[in-house]
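J.: Using only what follows, build the 3D model:
(chains A and B)
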2 protein chains.
Amino acid sequence: MIKVNFKSHNKEVYCNEGDNLLEVARNSNIFIDAPCNGNVSCGKCKVKLLKGKVDTQKTLHIKDEEWEQGYILACHTKLIEDVEIKVPSKLSSSMHGMKIEGSDKNKDKEIFDRAKNIIETHDLDFKTNIVKTYIELDEPTLDDNISDVDRLERHVRNNLGFNEIDFRLELLRKMPMIFRESDFKITITYVKKKNKVTILNIECGNTEDKLYGAAIDIGTTSVVVCLVNLYTKEVVDKASSGNAQIKYGADVIHRIIYSTKKNGLEQLNKAVIDETINPLLESIYTRNDINKDNVVTLMVAGNTTMSSLFLGVYTDYLRQEPFIPPFLKSPKLMGEDIGLNVNASAYVYLAPSVASYVGGDITAGVLSAGIWASEENVLFIDLGTNGEIVFGNKDYMMSCACSAGPAFEGGGISCGMRASNGAIEKVNINKETLKPELTIIENCEPLGICGSGIIDLICQMLIKGIIDRRGKIHRDLKNERIRFNEHEIGEYVLAFKEEYNLENDITVTEVDIDNFIKAKGAIYSGAATLIESLGMDFSIIDKVYIAGGIGNNLNIENSILIGLLPDIEREKFAYIGNSSLVGSYLALISKDAKRKLQEIGNEMTYVELSVYPTYMDEFISACFLPHTNIEQFPTVKGLLEG
Amino acid sequence: MIKVNFKSHNKEVYCNEGDNLLEVARNSNIFIDAPCNGNVSCGKCKVKLLKGKVDTQKTLHIKDEEWEQGYILACHTKLIEDVEIKVPSKLSSSMHGMKIEGSDKNKDKEIFDRAKNIIETHDLDFKTNIVKTYIELDEPTLDDNISDVDRLERHVRNNLGFNEIDFRLELLRKMPMIFRESDFKITITYVKKKNKVTILNIECGNTEDKLYGAAIDIGTTSVVVCLVNLYTKEVVDKASSGNAQIKYGADVIHRIIYSTKKNGLEQLNKAVIDETINPLLESIYTRNDINKDNVVTLMVAGNTTMSSLFLGVYTDYLRQEPFIPPFLKSPKLMGEDIGLNVNASAYVYLAPSVASYVGGDITAGVLSAGIWASEENVLFIDLGTNGEIVFGNKDYMMSCACSAGPAFEGGGISCGMRASNGAIEKVNINKETLKPELTIIENCEPLGICGSGIIDLICQMLIKGIIDRRGKIHRDLKNERIRFNEHEIGEYVLAFKEEYNLENDITVTEVDIDNFIKAKGAIYSGAATLIESLGMDFSIIDKVYIAGGIGNNLNIENSILIGLLPDIEREKFAYIGNSSLVGSYLALISKDAKRKLQEIGNEMTYVELSVYPTYMDEFISACFLPHTNIEQFPTVKGLLEG
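T.: Take a look at the predicted model:
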């Protein structure tokens, strides 16, 4: 037995000789970020060995200086004797951590207003089919001694006009007690279906005003839960955190691979349900004093892999040719089937997927963006983990998926993080001193940089002459913020640790920049190919909607400048935030919207880029700042050459 | 801590000082029969103290000789030091024990033939709505890459003609693997509903011939499970055992009282599901190599209390004025809701109850007896624990419940047992020697006496002059088989322990006879009152069907002689056995029969005897052999006076 003392967590655990340090940490619920899922390729699981010896090797990801200080890669380390380990705080909580964040009431109001606008503009209903009614039953007597169930059914028939009632066993089990405790004055929650009602809940007394639903966006990186009052349709509260599946891999491919390991599928399912969604729900219940039995309907949106893992469905055939998803449309689901911390009979709906790599987050996003009703040609770009693109209008919608990776949510970037508190979201660089001016979410100490910040940073580095159009730092520059390691990989220091009292400097390396250029190249070339497949070009676009976790402060000008977005009129662009969540919210509060969402799933066409002949050339051309063919970026050409 | 060594079971358990011995045994899963549920009234929980001291008292149930040998009542004993206990074997397994008994193929054929006859006579269908179909799906390719669910749905739509499919999450979870393991050649089990099919099971390859249902009779004393091939409608196998709830009380009232104790309801539910029905199912699966997932529909009949406890529903309001049952009709149920060892989506139906004390066993019995279609006037008597009576024909049906207790199944009788192996089922007494001639089920060693045996015995004791018409043993008789204890309670020895190498003599006491006379008096007076309530008398009866666990060898002549049954033409009587099981079987194999069963539940009238003015007088008059008014028994009058 070997003792591992995680000093950073004040936690001692025991394991066997030869065990892998990353696995030991995972099994002990100590979070170490490992986007590549432990195959020594990303270098993110760097921890500090304080005491003891381990079986490990130096890798490219570890600088000489770090190696001397005791930094090792957890995934690349076997335990051979008792050790003390420090997990850097940014790795353990802030990067993609599980910190639950509450609701910003102003932003929620925005979501609500935007959604309401869509419902009103398109004349959709504003209804759900779940209702609560307070009823007073006749008390039984020797002359009126029908059974409890018959008594309830009689009341429903005589007063609500339905012939039949239906309920799950759990309700029958508590019905006799509730009837007597409440002196036969109860509130029933039910769903009408033709001549029949299905009862979801029975409560003592009048609780008519307590009826809730939840809109849930399951991103590969982040998960957001939004609790909605089904009476007023208002957002009661919202909470978000990282997706706890991240410890098993940063992107869907790594997760799918992990799911094929022994118990892997169960672990991934547990991570998103028990370790992510349920704690988020619980935090909302506690803050707002809500009983989970009153949460009776859920609308969940996620990509095809997230949807499958949410249900614990085997996904590996999605990754193997001919790339078959297990399902696209949501099967009939109840809260208890999935182990969600809501009413056991709650209806759980999944936004429909279109193909293996265009999922329910996109159909929900398209619903909220209103493309299905648009006369104009809309380009919809979701900059989440990977990137999905939809182009179309009310007559047709084409979609494709780009292998952009998690860069837009901070993945694959050494100091990257999702757009949460402490993330650098805007960057401006002084042309003389090369000192950056940082805007940090919530004005905290900087912990890392999110997608919008990286766009700004790369743009600034390009136009302030720090990097060239390949993304390489000019070797002749002398500045304290620019340095090169022993492998001649350059980096730019965004924040010295002394400036903010940090554990380490926050830097962006040439490797990070290269990763980001590939990601933006995938998006740009994907959009170009999709539109080209219709025999059109970017000039046909009337509107560009940008969605996803890249951050609220996405700078469109800078995004065009680095060649992420096409160089067209700026007023055509709009950042619409978490459109997947807004779409879920819409489908939650409106039956019409839910139906529309199904139609979008059925009608959207999927274009497989990988088999499209010109895509690879387009991609390679786009892996340049802004593009190999600068003629495609006339406004940037002037700026760079001027 | 006190150590209790159950020598008879080779089991040592620990408990606290002051703990009740019966409770300790129950908690250790050592079965001690306690029909009165531990209130020191029945005297059945007699055990032998081999070593150590206890805090107990002698009661009326313990003879001087037994007291000297160390016999004590477990329910009346507190533990104060380490002890060794012997539980008499008859108490621990054979009396109402949990021994699983298999199927008698000839009897099963009888059941099947009788049921088939009813179906054919009344032109009912011979169908269930669950079907199996072997299908070969197209294998996916890059050009045909729809999801697994869509592939299945497409096949069902194109080949079976249904638009929509529906299935539980568990099936979706295994669908991708089953499709590939079977090379997309599968068998689906499904239910058709209008344009939709609900899929209950997916299996590799062709398993069309494996489709089963179960008919289950949950008696207060015994439980029978009958597995049916839904293709051939044949009974595959049958198994029965005591209802494990017996340890919490012999009759429904004691069980309901126990259900109100802490965890009582859960324990009773667990006893019938996990300790009774599931082991019976398991024994059938093992014997016949059946996969539980292929058991897709169940029809369950039990009295109102048994039905409630089967579902774990609170029943105490059934016992409290105004005597309200929680439900009468079966709610929608699936196998997994109840924890049954069958397909998780199996449809579970309960035969409908009519009132608090006329349950699904009676409606199922009436279905199988065909009263609902009869031109003749039928009297239906269920001699189970308690006794229920139905009188009527195709135009009307009246029912009532008698507080007969468990005597007909051997309860409340010191050596009573249910009609299973080792039960004395027939008795003849030699007029000279008073020696009995016993017929024992399966020709085993006698373990006790079942209902049909007690009827014979009392009849024989009456006509051979051992007892008088009050059931008292003639004090002047001198015979080795007749003896009196120190309280002057007489008993007759059916079997000396030396005759059969038993632990104790098998005897019937005057208390037993008195209990039985009360039971038979309750039945007779109940039937008389029910018919009288219609302004008729027994002469109106065309047929008498006797059902219930009293035993196959019920002697009608003897039953009339002791005044259990009315003195009418013998050819009108028929013993129809476990009519509740047969009814369940019918409703399982025929949709029409299932509908008919619902109608019976809706249409049958319930007469509450306790509020009927003349019932108590009728009952007191009937507590005589055969009756206070012997004129009601003309054929007996001649015999007794002749």
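J.: top helix in chain A by residue count?
T.: What stands out as the longest helix in chain A, according to DSSP state H, is helix A:510-532.
J.: which helices and strands does it pack with?
T.: Contacts defined by 3 or more Cβ pairs under 8 Å, 6 or more residues apart in numbering or on different chains; DSSP states H and E place helix A:510-532 against strand A:378-382, strand A:387-392, strand A:397-402, helix A:451-463, helix A:615-622. Heads up, the C-betas are built off the backbone N, CA and C, glycines and all.
J.: What would it look like as PDB? C-alpha coordinates only.
T.: What follows is helix A:510-532, C-alpha atoms only, in PDB (Å, rounded to 0.1, in the frame of the first residue of the first chain):
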ATOM      1  CA  GLU A 510       3.000  29.400 -29.800                       C
ATOM      2  CA  VAL A 511       1.500  25.900 -29.400                       C
ATOM      3  CA  ASP A 512      -1.700  27.500 -28.000                       C
ATOM      4  CA  ILE A 513      -1.800  29.900 -30.900                       C
ATOM      5  CA  ASP A 514      -1.400  27.100 -33.300                       C
ATOM      6  CA  ASN A 515      -4.200  25.200 -31.700                       C
ATOM      7  CA  PHE A 516      -6.400  28.200 -31.900                       C
ATOM      8  CA  ILE A 517      -5.600  28.900 -35.500                       C
ATOM      9  CA  LYS A 518      -6.600  25.300 -36.400                       C
ATOM     10  CA  ALA A 519      -9.800  25.800 -34.500                       C
ATOM     11  CA  LYS A 520     -10.700  29.000 -36.200                       C
ATOM     12  CA  GLY A 521      -9.600  27.600 -39.600                       C
ATOM     13  CA  ALA A 522     -12.000  24.700 -39.100                       C
ATOM     14  CA  ILE A 523     -14.900  27.100 -38.500                       C
ATOM     15  CA  TYR A 524     -14.100  29.400 -41.400                       C
ATOM     16  CA  SER A 525     -13.500  26.600 -43.900                       C
ATOM     17  CA  GLY A 526     -16.600  24.800 -42.700                       C
ATOM     18  CA  ALA A 527     -18.800  27.800 -43.300                       C
ATOM     19  CA  ALA A 528     -17.200  28.400 -46.600                       C
ATOM     20  CA  THR A 529     -17.700  24.800 -47.700                       C
ATOM     21  CA  LEU A 530     -21.300  24.600 -46.500                       C
ATOM     22  CA  ILE A 531     -22.300  27.700 -48.500                       C
ATOM     23  CA  GLU A 532     -20.200  26.700 -51.500                       C
END
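J.: re the thing from before, as JSON lines, the helices and strands packed on helix A:510-532 with mean pLDDT and mean neighbour count would be great.
T.: Shown next, in JSON lines, are the helices and strands packed on helix A:510-532 (pLDDT from 0 to 100; neighbours: other Cβ atoms under 10 Å in any protein chain shown):
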{"stretch": "strand A:378-382", "mean pLDDT": "97", "mean neighbour count": "27"}
{"stretch": "strand A:387-392", "mean pLDDT": "96", "mean neighbour count": "26"}
{"stretch": "strand A:397-402", "mean pLDDT": "96", "mean neighbour count": "24"}
{"stretch": "helix A:451-463", "mean pLDDT": "95", "mean neighbour count": "27"}
{"stretch": "helix A:615-622", "mean pLDDT": "95", "mean neighbour count": "18"}
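J.: Around chain B, which positions in the stretch 351-500 of chain A sit nearby?
T.: Within the stretch 351-500 of chain A, the positions near chain B by Cβ under 8 Å from any Cβ of the partner chain are A:Ser356.
J.: Repeat the analysis, applying 10 Å as the threshold.
T.: By Cβ under 10 Å from any Cβ of the partner chain, the residues of the stretch 351-500 of chain A that approach chain B are A:353, A:355-356.
J.: Let me see the contact set for the residue of the stretch 251-400 of chain A found nearest chain B.
T.: Going by Cβ to the nearest Cβ, chain B is nearest to A:Phe327 of the stretch 251-400 of chain A, at 4.0 Å. With contact set as Cβ atoms under 10 Å, 6 or more residues apart in numbering or on different chains, A:Phe327 has these partners: A:304, A:307-308, A:311, A:313, A:350, A:352-353, B:147-150, B:152-153, B:172, B:175-176.
J.: residues contacting the residue nearest the centre of chain A?
T.: Centroid check for chain A by Cα atoms, centre = their mean gives A:Gly219 as the closest residue, at 2.1 Å. The neighbourhood of A:Gly219, defined by Cβ under 10 Å, 6+ apart, consists of A:240, A:242-243, A:301-303, A:306, A:361, A:382, A:384-385, A:406, A:409, A:418, A:548-549, A:578, A:580-581.
J.: What segments of the stretch 451-600 of chain A are helices?
T.: Ranges of helices within the stretch 451-600 of chain A are A:451-463, A:497-500, A:510-532, A:556-561, A:579-589, A:591-603, based on DSSP state H, counting those that start in this stretch.
J.: neighbouring contacts of the fourth one?
T.: Right, the one you point to is helix A:556-561. With Cβ under 10 Å, 6+ apart as the test, helix A:556-561 has contacts from A:381, A:383, A:426-427, A:451-452, A:455-460, A:462-463, A:520, A:523-524, A:544, A:546, A:550, A:555, A:564-568, A:570-575, A:625-626, A:633, A:635-636, A:639-640.
J.: one more time with 7 Å, if that's ok
T.: A:455-456, A:459, A:565, A:567, A:570, A:573, A:626, A:636 (Cβ atoms under 7 Å, 6 or more residues apart in numbering or on different chains).
J.: Return the helix or strand containing A:Gly365 as CSV; C-alpha atoms alone will do.
T.: A:Gly365 is located in helix A:360-369, with elements delineated by DSSP states H and E. Written as CSV, here are the backbone C-alpha positions of helix A:360-369 (Å, rounded to 0.1, in the frame of the first residue of the first chain):
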residue,chain,number,x,y,z
GLY,A,360,-29.9,18.9,-29.9
ASP,A,361,-27.9,21.9,-28.9
ILE,A,362,-28.0,23.0,-32.5
THR,A,363,-31.6,22.3,-33.2
ALA,A,364,-32.5,24.2,-30.0
GLY,A,365,-30.1,27.0,-31.0
VAL,A,366,-31.8,27.2,-34.4
LEU,A,367,-35.2,27.3,-32.7
SER,A,368,-34.1,30.3,-30.6
ALA,A,369,-32.4,32.0,-33.5
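J.: per-residue confidence averaged over it?
T.: Computed over helix A:360-369, the mean pLDDT rounds to 96.
J.: And stretch A:436-449, by the same measure?
T.: For stretch A:436-449, the mean per-residue pLDDT is 92.
J.: ok so, going back, from the contacts of helix A:556-561, pick the one nearest chain B.
T.: Taking Cβ to the nearest Cβ as the measure, chain B lies nearest A:Leu565 of the contacts of helix A:556-561, at 30.8 Å.
J.: What pLDDT is listed against the closest one?
T.: 97.
J.: what does the one 3 residues further on give?
T.: If you check A:Ile568, the pLDDT there is 97.
J.: how close does it sit to chain B?
T.: A:Ile568 is 34 Å from chain B, where distance means Cβ to the nearest Cβ, to the nearest Å.
J.: need the contact list for the residue nearest to that residue when sequence neighbours are not counted.
T.: Distances taken as Cβ to Cβ, 6 or more residues apart in numbering or on different chains place A:Phe538 nearest to A:Ile568, at 5.7 Å, with adjacent residues excluded. Taking Cβ under 7 Å, 6+ apart, we find A:Phe538 in contact with A:531, A:566, A:568.
J.: what's the distance between the last one and A:Phe633?
T.: So that's A:Ile568. 10 Å (Cβ to Cβ, to the nearest Å).
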